[in-house]
Every structure is written in C-alpha cells, then in structure tokens.
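> using only what follows, build the 3D model:
(one chain, ligands or ions: 1)
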Amino acid sequence: MAKDISYEEYSRQFLEQLPRGAFLTVQEGERLNTMTIGWGNIGYIWKMPVLTVMVRYSRHTHGLIEKAADFSVCLPAPGEMRKALAIAGSVSGRDVDKFKAAGVTPQPARTIQSPVIKECNLFFECRTVFRQAMDANLLDDTVRGNSYSSLDFHVMYYGQITACYRNDQEERETSGTTAKVPVLSS
Ligand SMILES: Cc1cc2nc3c(=O)[nH]c(=O)nc-3n(C[C@H](O)[C@H](O)[C@H](O)COP(=O)(O)O)c2cc1C
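Numbering: from 1, shown residues only. So this is what the prediction gives:
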C-alpha cells in the first residue's frame, strides 16, 4: 500500500534523488511518454506546494506537456532503476515506446490523467498551473555558456502538487515490481 506523505517529508528525498534522475511522465489525449529529468524545483508559492520541471524544446515530451493538463514526477529508491533512467534519458518517445524500452510500467495516478511509474519509490502528481519560456536576455552569461550553447532552451512547467506518496521497499519487492538493475558506468 502506498503511503501518503506530508509536504515537509518529501523535499529531502526529492532533492537527493533528482540529480541522479527521475521520470517525468506526461499523457496528452492518447499520447503518452516518459523522460528522465535531473533538474527541478520544489517549493511553496501561490499558497500551495509546487514542483517545477524544465523541458527543452527539442524533447518529444515538450510537445506533450505543452498541451497536457498535468504531469507526474516519480523517483526511484536510492541506487535503483539506473538502467531505466539511462534509457529514458537517451532515447526519444518519437522513435520508440519508452515504457517497453526502459522496462517501466505506467500505472493510473490518483488525481491526474498522466500516469505514474509503478516501479518507483516516491510519487508526485502535479497539475500544471504555469508555463514559462526562458528569456535568454535575462540569463546569466556563465549559465548560458554552460547550459545553452546549442540555444536549446528549457521551458519551465510549474505543477501544483495534488498528491504525494511513497512505496516502501518491502512492498515493491514482495509485489515483484522492483526493477533493480546493474549500475551503468557514466
Ligand atoms: C540524468 C538525466 C537528466 C536529464 N534531465 C533533463 C531535464 O531536466 N530536462 C530536459 O529537457 N532533458 C533532460 N534530460 C535529457 C532527456 O531525458 C532526453 O533528451 C530524452 O531522450 C528526451 O526524451 P523525449 O524525446 O522522449 O522527450 C536528462 C537526461 C538524463 C540522462
């Protein structure tokens, strides 16, 4: 049984795991995709908990999230699902069914249309409340040089967190859904 957790509890695990990779999953009508993200924010604005993700224009996901009402962000337990994250972060949903390629399972979410990734440990369901394109003229030169030399900028999507819950390790193992895979060299 997935456990609901409070706003105060989730941010630490989110920030620890995010740089190692999380799954951003979006459903728009019949179109469904997941991709690995490594950057994002979690905070409290507009009187509510908000999670922000950053998606470059070149991503297949960009076309979906632009039209979708919501998205999910799902984080593996520490050290798990590295191969799946590497696949979801290197091939495009334009070319392949990434759920099959990465061996992950979309599972209905509780509060949004976009599904969550069943094999993960920490789940955020988010309703998009703001979209923000980057204005390159407002960007620090060093950041621009380091992250945008190809001019493939991000769009930021701010999601009201409508549900947040966690699966514990024991349950995922006994239910046979744990996707523990060997560590990939970088
Ligand atoms: C660890 C990791 C973190 C990543 N973080 C992001 C990110 O925050 N934003 C982004 O646009 N792409 C990010 N990527 C790249 C996308 O996941 C990658 O380009 C993916 O193939 C896009 O899939 P899509 O074309 O199906 O949307 C990341 C990749 C990896 C491996």
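
> what's the average pLDDT for the helix or strand that contains Thr162?
Thr162 is part of strand 154-166, with elements assigned from DSSP states H and E. The average pLDDT for strand 154-166 rounds to 96.

> again with stretch 40-57
Across stretch 40-57, pLDDT averages out at 96.

> circling back to that earlier point, how far is the strand holding Thr162 from where the chain is centred?
What separates the centre of strand 154-166 from the centre of its chain is 9 Å, taken as CA atoms, centre = their mean, to the nearest Å.

> alpha carbons only: can I get that strand in CSV?
The C-alpha trace of strand 154-166 is given here as CSV (Å, rounded to 0.1, in the frame of the first residue of the first chain):
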residue,chain,number,x,y,z
HIS,A,154,14.1,25.0,-21.5
VAL,A,155,10.5,25.7,-20.8
MET,A,156,9.6,25.6,-17.2
TYR,A,157,6.3,23.9,-16.1
TYR,A,158,5.0,24.7,-12.6
GLY,A,159,2.8,22.0,-11.2
GLN,A,160,0.6,22.2,-8.1
ILE,A,161,1.3,19.0,-6.2
THR,A,162,-2.1,17.4,-5.9
ALA,A,163,-0.8,14.1,-4.4
CYS,A,164,2.5,12.8,-3.0
TYR,A,165,3.1,9.3,-1.7
ARG,A,166,5.7,6.7,-1.3
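
> same for it, what does it pack against?
strand 3-4, helix 7-17, strand 48-56, helix 60-67, strand 70-75, strand 122-133 (3 or more CB pairs under 8 Å, 6 or more residues apart in numbering; DSSP states H and E). In short, each C-beta sits where N, CA and C put it, glycine included.

> swap in 10 Å and give it another go.
strand 3-4, helix 7-17, strand 40-45, strand 48-56, helix 60-67, strand 70-75, strand 122-133 (3 or more CB pairs under 10 Å, 6 or more residues apart in numbering; DSSP states H and E).

> check which residues of the fifth one are buried.
Going by neighbour count (16 or more other CB atoms under 10 Å), the buried part of helix 60-67 is His60, Thr61, His62, Gly63, Leu64, Ile65.

> over to the last one?
Burial within strand 122-133, assessed by neighbour count using 16+ other CB under 10 Å, is assigned to Leu122, Phe123, Phe124, Glu125, Cys126, Arg127, Thr128.
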